[in-house]
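1. next come a sequence and a model predicted from it.
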Amino acid sequence: MTWILLALAAGLLFWGMFAFNRLVRLRNQMRTAWADIDVQLSRRHDLVPQLVAAVQGYAGHERAALEAVTELRNRAIGLDSPTRLGEVESELERALGRLFALREAYPDLKAGGNFAQLQRDLVDVEDQLQYARRFYNGAVRDYNDGIGRVPDLFIARAFGFPGGEFFQADRGARGAVEVVLP
C-alpha cells in the first residue's frame, strides 16, 4: 500500500511540474509575442513625427489633424495594457488615415518623395503589426486555455498565473491604416 501511495504522490508531483512548466512556456510565448507588437508600435510611433513634419511643410494650417496624430502617439507611448493600447492605437490609425487624406488636397505633398517613402514605411509597419497582433492573440488564447483547463487550472491558481489580455483594434478600425500609394 505504501508503494502505491508513493507512486501516486510521485505521479502527482510529476504532473504538477509538467503543468507548471507548460504554463510558464505559454506565458513566456505570450510575453515574447507582446514584445514583437511593442517593436512594431515603436516603429510606427517613430514614423509619426516624421509624417507630421512632412505634412506641416505643405499643410501647416491643418493644425487639428496634426495635433490629433501627435497627441494620440504620445498617449500610446505611455500605455502598457493591451486592451487600452488597442483602443488608442485604433484612434491613431484613424487619425493617420485623415492625415494621409490631406495628400489629395495638396499636390506638392503628394509629389514629395519624402512623404511617399514615409507612406511606404508605414504600410510595411502596418503589415508587420497585423502579423504580430495575430501571433500575440494566438499566444494569449493558448495561454488562457492553458490556465483555464482542469486540472492545470489548479496549478495556475496556486502559482498566480493571471489571464492574458487580447490586443484588438477597434471594431470600426478594421485593422491597418488604408494608404493609397502614388
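-> Sure, I can see it.
2. the host helix or strand of Leu26 packs against which elements?
-> Leu26 is part of helix 2-59 when elements are defined by DSSP states H and E. Applying 3 or more CB pairs under 8 Å, 6 or more residues apart in numbering; DSSP states H and E, we find helix 2-59 packed against helix 63-77, helix 82-105, helix 107-111, helix 113-148, helix 152-158. For the C-beta atoms, the positions are set from N, CA and C on the backbone; glycine is no exception.
3. count the neighbours of the closest residue to Asp121 other than its chain neighbours for me.
-> Spatially, and ignoring its direct neighbours in sequence, Asp121 is nearest to Leu47 (5.8 Å; CB to CB, 6 or more residues apart in numbering). With neighbours defined by other CB atoms under 10 Å, the count for Leu47 comes to 18.
4. if we go by neighbour counts, what in stretch 153-171 is buried?
-> With burial defined by 16 or more other CB atoms under 10 Å, the residues of stretch 153-171 counted as buried are 155-156, 161, 164-165, 167-169.
5. could you do stretch 40-49 as well?
-> Under the neighbour-count criterion of 16+ other CB under 10 Å, stretch 40-49 has 40-41, 43-45, 47-48 buried.
6. return the subset of the buried residues of stretch 153-171 lying in helices.
-> Using DSSP state H, the subset of the buried residues of stretch 153-171 located in helices is 155-156.
7. and the least confident of the buried residues of stretch 153-171?
-> Lowest pLDDT among the buried residues of stretch 153-171: Ala169, with 66.
8. the residue most central in space within the chain and Gln117: what is the separation?
-> In the chain, the centroid-proximal residue (CA atoms, centre = their mean) is Ile37; its distance is 4.2 Å. As judged by CB to CB, to the nearest Å, Ile37 and Gln117 stand 24 Å apart.
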